[in-house]
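> quick check, what structure comes out for this input:
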Amino acid sequence: MAEHEQTADNRQEIVRDGAEKIKGIFSTQTVAKVGTGTTQRKTIQKTYWNVEELDDGEVSVQPLNRNYVPSGPKRNVPRDDFLTKFNPEPEFYISTVYPAIKEMDGAIVRGEKHRERGAAYSAEFEYQQAMAIDEENVRANFGLGLTYLDRGDQVKANDIFERLVGLEAAFDTEHKHLFNDFGINMRKNKMYDQALRYYLRAEELVKNDEHLFHNIARCYFEKGNVEECKKYLLKSLEVNPKLDASLKFWAFLKGRGLVAEGEGPNAAAGGVGDKPKGGSAGVNLDAVREDGEPKTGDNGAPKKPASSAPIKLD
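So this is what the prediction gives:
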């Protein structure tokens, strides 16, 4: 059965017959005039695009770079306009695009394996190989930045930071784990201003993420701004009143005498006044990752904090 979608003024705009959504490599052509007078001639320029039809009927298009991998900003095109102006290029995908993507992804995977085993220079080489194909690849940029942070090379890490903070794709949900690791490692390398700028940029693009708010609070604390720290910590607990990392952080602030009597939402609104499990005296924030997930040992079991350890942030 055909599926009909109509606009608000009842004009039929999309007719679907159950076929799969549009996806793949397509091209467009533009004609340009070169030269003047009798020497003027026309040239045809062909541009390749990575294409995916969206649920609303529009089509997302992303250009291929000079190495023929999808790179750069995406834009949406109305389906009717797309069908008029774009031409499918299935053979070009098989012969050119797929091998380039495979080469780049292979370098990234090798880089990640090298970094996991502490081979920083081998990891750097592989990530740079990937970025030679696509300098805006998010996984390669994060991996290279984390490698520099592992080595304590703040100058090179800052160069990567400047690139990542300008890439909206870096803050997509699919890259959340890398995003968290990079921000936390910047802070641990005492790059507080960069980490804060990075997280505040993410706040513009990511809505109501309790882990993001928690990490912003950590950055403000490291910079000595307790009021902004508490503000973002409470925002974290408003989104998720049971987030263990933020509850422990609040207990830490109370233990330091940095929370006024009655400050914070009441128990019904967020339960911030409650002590985290085990009481505040034994809180060890090292037992909780800053993205909210529990840390685990080699066997996958949660690491147990020492019961007599004082509350500490690092």
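> surely Ile232 is in contact with Glu210?
Rather than Ile, residue 232 is Tyr. No. In this structure, Tyr232 is not within contact of Glu210 by Cβ atoms under 8 Å, at 10.2 Å. (C-beta placed from N, C-alpha, C; glycine too.)
> more neighbours, the two?
The neighbour comparison of Tyr232 against Glu210 (other Cβ atoms under 10 Å) goes to Tyr232, with 24 against 20.
> residues contacting the more buried one?
When contacts are counted by Cβ atoms under 8 Å, 6 or more residues apart in numbering, Tyr232 touches 213-214, 216-217, 220.
> just the helices in the protein please.
Applying DSSP state H to the chain gives helices spanning 79-85, 90-92, 98-116, 120-133, 138-151, 154-164, 176-188, 192-205, 210-222, 226-239, 244-255.
> can you list those in JSON lines and add mean pLDDT and distance to Gln62?
Converted to JSON lines, the helices of the chain look like this (pLDDT from 0 to 100; distance: least, Cβ to Cβ, whole Å):
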{"stretch": "helix 79-85", "mean pLDDT": "94", "distance to Gln62": "13"}
{"stretch": "helix 90-92", "mean pLDDT": "94", "distance to Gln62": "15"}
{"stretch": "helix 98-116", "mean pLDDT": "97", "distance to Gln62": "13"}
{"stretch": "helix 120-133", "mean pLDDT": "97", "distance to Gln62": "15"}
{"stretch": "helix 138-151", "mean pLDDT": "95", "distance to Gln62": "13"}
{"stretch": "helix 154-164", "mean pLDDT": "93", "distance to Gln62": "18"}
{"stretch": "helix 176-188", "mean pLDDT": "90", "distance to Gln62": "20"}
{"stretch": "helix 192-205", "mean pLDDT": "91", "distance to Gln62": "18"}
{"stretch": "helix 210-222", "mean pLDDT": "94", "distance to Gln62": "26"}
{"stretch": "helix 226-239", "mean pLDDT": "95", "distance to Gln62": "32"}
{"stretch": "helix 244-255", "mean pLDDT": "92", "distance to Gln62": "36"}
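> tabulate those helices in CSV, adding columns for distance to Val31.
Formatted as CSV, the helices of the chain follow (distance: least, Cβ to Cβ, whole Å):
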stretch, distance to Val31
helix 79-85, 13
helix 90-92, 20
helix 98-116, 27
helix 120-133, 30
helix 138-151, 35
helix 154-164, 35
helix 176-188, 42
helix 192-205, 38
helix 210-222, 47
helix 226-239, 53
helix 244-255, 58
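> how about those helices, which one is nearest Pro70?
With Cβ to Cβ, the closest approach to Pro70 among those belongs to helix 98-116: 7.9 Å.
> who's in contact with the residue nearest the centre of the chain?
The centroid of the chain falls nearest to Phe171 when counting by Cα atoms, centre = their mean (2.8 Å). By Cβ under 8 Å, 6+ apart, the residues touching Phe171 are 179, 201-202, 205-206.
> of those residues - the most surrounded one?
Neighbour counts for the contacts of Phe171 (other Cβ under 10 Å) peak at Phe179, which has 25 neighbours.
> which residues are in contact with that one?
Residues counted as contacts of Phe179 (Cβ under 8 Å, 6+ apart) are 142, 170-171, 202.
> what's the offset of stretch 22-38 from the middle of its chain?
Here stretch 22-38 is found 34 Å from its chain centre; the criterion is Cα atoms, centre = their mean, to the nearest Å.
> tell me the mean pLDDT for that stretch?
For stretch 22-38, mean pLDDT is 84.
> need the residues that contact it.
Taking Cβ under 8 Å, 6+ apart as the rule, stretch 22-38 contacts 40-53, 59, 61, 64, 79, 82, 85-90, 92-93, 97.
> again, but for stretch 119-136
Stretch 119-136 is contacted by residues 65, 67, 69, 71-72, 100, 103-105, 107-108, 110-112, 114-115, 137, 139-141, 143-144, 147-148, 150-151, 163, 167, 169 when judged by Cβ under 8 Å, 6+ apart.
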